[in-house]
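[1] here is a sequence with its predicted model. Questions after.
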Amino acid sequence: MQDNPFGSGGGSPPRGTNVAQVKEKIINFLKKGAGLLIIAVLLVIVGFNSIYIINSGEQAVITRFGDLISTETSTGLRFKFPFIDRVDIVNFENLYVLEFGFRSNTADGGSRNMMSDPSQYQNPVVEEAIMLTGDLNIVHADWTVIYKVNDSYNWLFRVDDPLTTLRIVSESTYRRVVASHVLDDILTDKKDVISAEIKTDLQSICNKYQLGVEIRAVELQDALAPEEVRPAFNDVSAAREEKEAKINEARKYENEKLPVANGQAVKMVNDAEGYKAQRINDALGATARYAAIEAEYAANPGIMRTRLYLEMIREVLPKVNMVYFVDESGNTLKFLPLGQGAPVLPAAQTETPAAQPAAQSATSAGNSGTATPSAAPAPAR
């Protein structure tokens with residue numbers, strides 16, 4: 001088949017050729033080229049419509065005339081029936097953020113990828129931030145909902161507009177939970193409790209609607225009192241912080257002093273228990289000694305009387321400064337100096353000699369009829 005419609009004679013028709021024949025050959029050549037071009041274009045369209053690519057972290061949902069055929073997660077080049085099968089690819093690993101009360105520059109309709117770097121609060125949305133609390137106060141709160149798609153088919157086909165539905169449900173849940181708390185809870189130490197409560201309720205509603213999303217977190221970005229009363233609330237917050245500081249300081253002092261006091265209390269109890277045991281043991285020992293002496297006295301009263309007398313003298317005489325004897329005429333005589341500077345003999349050596357002067361003193365006192373003030377009386381029989 002010749003590409004040149006004029007034959008092999010070059011680019012001009014040969015002599016004697018009819019002009020009509022030349023036109024007819026040109027038209028036939030163009031028709032053949034157009035047909036080939038159309039076929040090539042159709043093949044390219046069919047080829048591109050028959051293949052799709054799944055990247056890492058993506059899931060492909062294949063439907064045929066609206067019915068679910070399969071879901072594919074294997075990465076790489078995949079094939080489908082052209083013009084019959086529809087493929088929707090959803091990323092189920094990325095985290096997305098719904099913004100309320102503000103819009104960052106990277107937000108698309110109030111939703112953005114968690115990995116993006118938003119600008120800080122450049123586009124406030126006041127109507128989303130104003131909320132009514134349980135004590136009928138107004139609070140300005142900026143917050144976000146972090147979510148991910150965990151069911152691609154439900155996300156694509158259960159709800160007509162899943163993103164708008166999720167936004168409406170999130171805002172409704174947040175306003176309802178905030179309306180059940182007082183303003184101080186939102187501005188101070190109950191933010192985490194409120195966020196956790198919103199997350200639980202929002203996940204329950206999403207499961208009920210079969211949105212196919214998992215709520216990962218609800219974060220309260222900023223909460224402020226109304227502008228008219230903001231200074232007063234700032235003063236309250238400062239006072240509350242000072243209160244917490246004082247409480248922490250008191251707890252620190254308690255932790256420092258209480259262990260020492262407990263240790264001292266335990267020591268005093270132990271000392272008391274030891275003293276108690278000592279006194280009991282001393283009393284028991286004295287009782288046993290008295291019982292032993294009583295038994296010996298009953299067996300040998302004379303010997304025991306003398307022994308007890310001597311033991312008493314040995315104990316008393318070292319404490320006496322002077323011993324005086326009174327004669328029959330009533331004159332006193334300094335007989336035995338036992339005060340300071342007097343030699344003190346060991347107990348074993350002074351037992352018998354000390355007893356003799358005392359006995360003589362007692363005898364002299366008995367003869368004269370006058371008792372010595374410093375001599376101890378003899379034990380009674």
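    Done, it's in. None of these values were measured; they are calculated from a predicted model.

[2] packing partners of the helix or strand encompassing residue 310?
    Per DSSP states H and E: residue 310 is located in helix 301-316. Counting contacts by 3 or more C-beta pairs under 8 Å, 6 or more residues apart in numbering; DSSP states H and E, helix 301-316 packs against helix 230-299, helix 347-368. C-beta: built from backbone N, CA, C; applies to glycine.

[3] chain center to it: distance?
    Mean-position distance between helix 301-316 and its chain equals 77 Å (C-alpha atoms, centre = their mean, to the nearest Å).

[4] how far off helix 230-299 does it point, in degrees?
    Interaxial angle, helix 301-316 versus helix 230-299 (axes from the mean of the first three to the mean of the last three C-alpha atoms, to 10 degrees): 140 degrees.

[5] show the average pLDDT along helix 301-316.
    Helix 301-316 shows an average pLDDT of 89 in the prediction.

[6] distance check, residue 259 against residue 267.
    Relative to residue 267, residue 259 is positioned 13 Å away (C-beta to C-beta, to the nearest Å).

[7] closest one to residue 149 among the helices and strands packed on helix 301-316?
    Checking these against residue 149 by C-beta to C-beta gives helix 230-299 as the closest, at 39.0 Å.

[8] which strands and helices lie in contact with the closest one?
    Partner elements for helix 230-299 (3+ C-beta pairs under 8 Å, 6+ apart): helix 183-187, helix 301-316.

[9] can you list the buried residues in the last one?
    Right, helix 301-316. The neighbour-count check on helix 301-316 (16 or more other C-beta atoms under 10 Å) flags 304, 309, 312-313 as buried.

[10] okay if I get those as JSON lines plus distance to residue 91?
    Converted to JSON lines, those look like this (distance: C-beta to C-beta, whole Å):
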{"residue": "304", "distance to residue 91": "110"}
{"residue": "309", "distance to residue 91": "113"}
{"residue": "312", "distance to residue 91": "108"}
{"residue": "313", "distance to residue 91": "111"}
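
[11] closest to residue 158 out of the residues you listed?
    residue 312 (111.0 Å).

[12] and residue 328, what element?
    Element membership for residue 328 (DSSP H and E) is empty, with no helix or strand holding it.

[13] what distance do you get for it to residue 274?
    58 Å.

[14] if we can go back for a sec, columns mean neighbour count and distance to residue 213 on top of the helices and strands packed on helix 301-316, output as TSV?
    Converted to TSV, the helices and strands packed on helix 301-316 look like this (neighbours: other C-beta atoms under 10 Å; distance: least, C-beta to C-beta, whole Å):
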stretch	mean neighbour count	distance to residue 213
helix 230-299	11	35
helix 347-368	14	101
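
[15] got TSV for the ones you listed, with distance to residue 104 too?
    As requested, the helices and strands packed on helix 301-316 are arranged in TSV below (distance: least, C-beta to C-beta, whole Å):
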stretch	distance to residue 104
helix 230-299	25
helix 347-368	102
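
[16] what's the closest of those helices to residue 62?
    Residue 62 lies closest to helix 230-299 among the helices and strands packed on helix 301-316, at 55.3 Å (C-beta to C-beta).

[17] how far does that closest one sit from the chain's center?
    Its chain's C-alpha centre and that of helix 230-299 lie 32 Å apart, by C-alpha atoms, centre = their mean.

[18] please, which helix or strand holds the residue nearest in space to the middle of the chain?
    When C-alpha atoms, centre = their mean is applied to the chain, the residue found nearest the centroid is residue 192 (13.2 Å). Element membership for residue 192, per DSSP H and E: helix 191-209.

[19] what are the contacting residues of that helix?
    Applying C-beta atoms under 8 Å, 6 or more residues apart in numbering, the contact partners of helix 191-209 are 143, 145, 158-159, 165-166, 169-170, 173-174, 176-178, 181, 185-186, 213-215, 217-220, 223.

[20] filter those residues down to the buried ones, ChimeraX style.
    In ChimeraX, this line selects whichever of these come out buried by 16+ other C-beta under 10 Å:
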select :143,145,159,165,166,169,170,173,174,177,178,181,185,186,213,214,215,218,219,220,223
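
[21] just the ones of the contacts of helix 191-209 in helices?
    165-166, 169-170, 173-174, 176-178, 185-186 (DSSP state H).

[22] could you dump those to TSV with distance to residue 317?
    TSV is the format used below for the ones in helices among the contacts of helix 191-209 (distance: C-beta to C-beta, whole Å):
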residue	distance to residue 317
165	112
166	108
169	107
170	104
173	101
174	100
176	100
177	96
178	97
185	88
186	92
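
[23] for residue 189, phi and psi?
    phi -100, psi 10 (degrees, to the nearest 10).

[24] same check on residue 89?
    The phi/psi pair for residue 89 (degrees, to the nearest 10) is phi -110, psi 130.

[25] was I right to think it contacts residue 58?
    Yes. Counting by C-beta atoms under 8 Å, residue 58 is a contact partner of residue 89 at 5.2 Å.

[26] output the below-cut-off pLDDT ranges for the stretch 251-381 of the chain.
    Applying pLDDT under 70 to the stretch 251-381 of the chain picks out residues 322-324, 332-381.

[27] residue 128: how many residues sit nearby?
    Residue 128 has 20 neighbours, counted by other C-beta atoms under 10 Å.

[28] quick one: the strands in the stretch 51-200 of the chain?
    Using DSSP state E, counting those that start in this stretch, the strands found in the stretch 51-200 of the chain span residues 51-54, 58-64, 67-72, 76-79, 85-91, 96-100, 102-103, 111-113, 123-124, 130-132, 138-149.

[29] redo those strands as CSV? Include mean pLDDT and distance to residue 319.
    Output for those, formatted as CSV (pLDDT from 0 to 100; distance: least, C-beta to C-beta, whole Å):
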stretch, mean pLDDT, distance to residue 319
strand 51-54, 80, 112
strand 58-64, 84, 107
strand 67-72, 79, 110
strand 76-79, 76, 113
strand 85-91, 84, 105
strand 96-100, 92, 97
strand 102-103, 86, 98
strand 111-113, 69, 102
strand 123-124, 80, 100
strand 130-132, 88, 94
strand 138-149, 91, 90
